[in-house]
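Undergrad: Quick one: sequence plus predicted model below, questions after.
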Amino acid sequence: SYPPDLQRRRQATGYGLYETLGIARQDHAARHAQMRRNFTFFDAPVALFVFAHEALGQYAALDAGVFLQSLMLAAVDEGLGTCAEGALA
């Protein structure tokens, strides 16, 4: 569960996304279809996974995040678009 102040932001972001995509709130089939696209990586030709060992705690998560940002910036520098995706977490 999200803290209440962050839940409001999360909902506002979701409402904005579906509004931009032209998907009505009551259109559950279209909403689910859009959500499933996360798990096909929006048809990207490549997907990379970064893992951190749970026993290393928050430091490993921080290191993984810094690495992921550097990797994504390097890819963009090579002309490759990137998108970090947390849906699988």
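TA: Done, it's in.
Undergrad: which ones are touching the residue of the chain positioned farthest from its centre?
TA: Distance from the centre of the chain peaks at Ala55, with 23.7 Å (C-alpha atoms, centre = their mean). With contact set as C-beta atoms under 8 Å, 6 or more residues apart in numbering, Ala55 has no partners. Every C-beta, even on glycine, is put in place using the N, C-alpha and C of the backbone.
Undergrad: Likewise for Leu88?
TA: 38-39, 49.
Undergrad: repeat that for 10 Å
TA: 38-39, 41, 47, 49 (C-beta atoms under 10 Å, 6 or more residues apart in numbering).
Undergrad: Mind jotting down where the helices sit in the protein?
TA: 4-21, 28-36, 57-77 (DSSP state H).
Undergrad: Make CSV out of those helices and add mean pLDDT.
TA: Shown next, in CSV, are the helices of the chain (pLDDT from 0 to 100):
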stretch, mean pLDDT
helix 4-21, 94
helix 28-36, 95
helix 57-77, 95
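Undergrad: Now render the ones you listed as TSV, adding mean neighbour count.
TA: Listed next are those as TSV, based on neighbours: other C-beta atoms under 10 Å:
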stretch	mean neighbour count
helix 4-21	11
helix 28-36	12
helix 57-77	12
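Undergrad: Out of those helices, which gets nearest to Ala87?
TA: helix 28-36 (7.8 Å; C-beta to C-beta).
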